[in-house]
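Peer 1: Sequence first, then the predicted structure, then my questions.
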Amino acid sequence: MPPFTDGITNVRVRPLLLDLDGGTPLGSPGAYEVTWLSTQAGRWHQVYVNGQLAGVTAVPEDRRLTALGPVGRGGGQGLVYVEVVAVDAADRQTDFSAELTGFSPACGPKVRLAWEAGLYLGEDLESFDVFADGRTGTVDYSQPLNEAPIPAAVVGAPPWGFGCGGYGTGGYGLSAAIYEWIVDGLDPGTWRLAVVARDAAGNRLATAAEVAADVAPVPRPAGNFRIASYSAASHTATFAWEPSPDV
């Protein structure tokens, strides 16, 4: 069954700990407390952070979850998009990230690239590099976006693919292996991205595979988040912030 979103409201995301004394904040970057309201009785709830499955509630009655979000180039203070969905018991551990229609597939500073190794690549395939055009229309191949080569084999074992179709058809072995890499920190606009296959010596093995991707703008986050007042007697804090200029 697909995930359910009807009746899920008031989604709130908070850091796990706040510093009330003006010192170094406590808590781990990328750790969030997510709460929500839901009329989906009898169903479990999944939380997705930046398009990735971050956690599942322990029981159907739970409306709170601690989630670890991905930390990209923006660091722990980068934009975070949270989606909460309800699922049946049989789908508790099913990852529906490819089916969500919220921020992650349509908007945001990230593009998910996926490709097959290809029949033209032999056993000398060692790694891949990803390049971008900086929204200029011409890919710059002088500096890859990935800090380290994207390996074609993990711990020396190639990710063998499986044939499809009838006998003798469909890719198999290394040529059918599927690779994936996420490009983050992208500004809104049209980008051209390219994947380059290389051997152990760094030589390009084939013509680069280029693709165009439209990165949609997202609302700017609220700013100047601060504690306006704190009552030690009642252990109550009042927060203040500047709203996003886009919402």
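Peer 2: In hand now; what should we look at? Numbers count the residues shown, from 1 in each chain.
Peer 1: if I look at Arg43, how far off is Ala86?
Peer 2: Relative to Ala86, Arg43 is positioned 4 Å away (C-beta to C-beta, to the nearest Å). Yep, even glycine has a C-beta here, placed from its N, CA and C like the rest.
Peer 1: Name the residues contacting each of the two.
Peer 2: Phe4 (C-beta atoms under 8 Å, 6 or more residues apart in numbering).
Peer 1: where in this protein is pLDDT low?
Peer 2: Flagging of the chain using pLDDT under 70 yields the residue ranges 16-30, 69-79, 101-109, 118-123, 154-176, 217-221, 245-247.
Peer 1: What ranges does it have for its strands?
Peer 2: 8-15, 31-38, 44-49, 52-56, 64-68, 82-87, 111-116, 127-132, 150-151, 178-183, 189-198, 209-215, 223-231, 236-242 (DSSP state E).
Peer 1: could I get these as a markdown table with distance to Asp140?
Peer 2: Converted to a markdown table, the strands of the chain look like this (distance: least, C-beta to C-beta, whole Å):
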| stretch | distance to Asp140 |
| --- | --- |
| strand 8-15 | 36 |
| strand 31-38 | 35 |
| strand 44-49 | 31 |
| strand 52-56 | 28 |
| strand 64-68 | 33 |
| strand 82-87 | 33 |
| strand 111-116 | 16 |
| strand 127-132 | 6 |
| strand 150-151 | 18 |
| strand 178-183 | 14 |
| strand 189-198 | 9 |
| strand 209-215 | 12 |
| strand 223-231 | 32 |
| strand 236-242 | 36 |
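Peer 1: Turn these into TSV, including distance to Pro2 and mean neighbour count.
Peer 2: As requested, the strands of the chain are exported to TSV (distance: least, C-beta to C-beta, whole Å; neighbours: other C-beta atoms under 10 Å):
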stretch	distance to Pro2	mean neighbour count
strand 8-15	14	14
strand 31-38	16	18
strand 44-49	12	24
strand 52-56	15	17
strand 64-68	20	16
strand 82-87	9	23
strand 111-116	20	15
strand 127-132	31	20
strand 150-151	32	16
strand 178-183	23	15
strand 189-198	30	19
strand 209-215	25	13
strand 223-231	35	11
strand 236-242	35	11
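Peer 1: so which of those gets nearest Thr94?
Peer 2: strand 82-87 (6.8 Å; C-beta to C-beta).
Peer 1: got the angle for the closest one vs strand 31-38?
Peer 2: On the basis of axes from the mean of the first three to the mean of the last three C-alpha atoms, to 10 degrees, strand 82-87 is oriented at 50 degrees to strand 31-38.
Peer 1: From the rest of the structure, what touches strand 82-87?
Peer 2: Under the contact criterion C-beta under 8 Å, 6+ apart, strand 82-87 has outside partners 1, 3-5, 7-8, 11, 13, 32, 34, 36, 38, 40, 43-49, 67, 69, 94, 96, 100, 102-104.
Peer 1: okay, the angle between it and strand 52-56?
Peer 2: 60 degrees.
Peer 1: Only C-alpha atoms, please: export strand 82-87 in PDB.
Peer 2: Taking C-alpha atoms only, strand 82-87 is exported to PDB below (Å, rounded to 0.1, in the frame of the first residue of the first chain):
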ATOM      1  CA  VAL A  82      10.900  16.800   6.900                       C
ATOM      2  CA  GLU A  83       8.000  14.800   5.700                       C
ATOM      3  CA  VAL A  84       5.800  12.500   7.900                       C
ATOM      4  CA  VAL A  85       3.700   9.700   6.400                       C
ATOM      5  CA  ALA A  86       1.500   6.900   7.800                       C
ATOM      6  CA  VAL A  87       2.000   3.300   6.700                       C
END
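Peer 1: that older thread, ok, which of the strands of the chain comes nearest Pro144?
Peer 2: strand 127-132 (3.9 Å).
Peer 1: closest one to Ser142 among the strands of the chain?
Peer 2: Using C-beta to C-beta as the measure, strand 127-132 is the one of those that comes nearest Ser142, at 8.4 Å.
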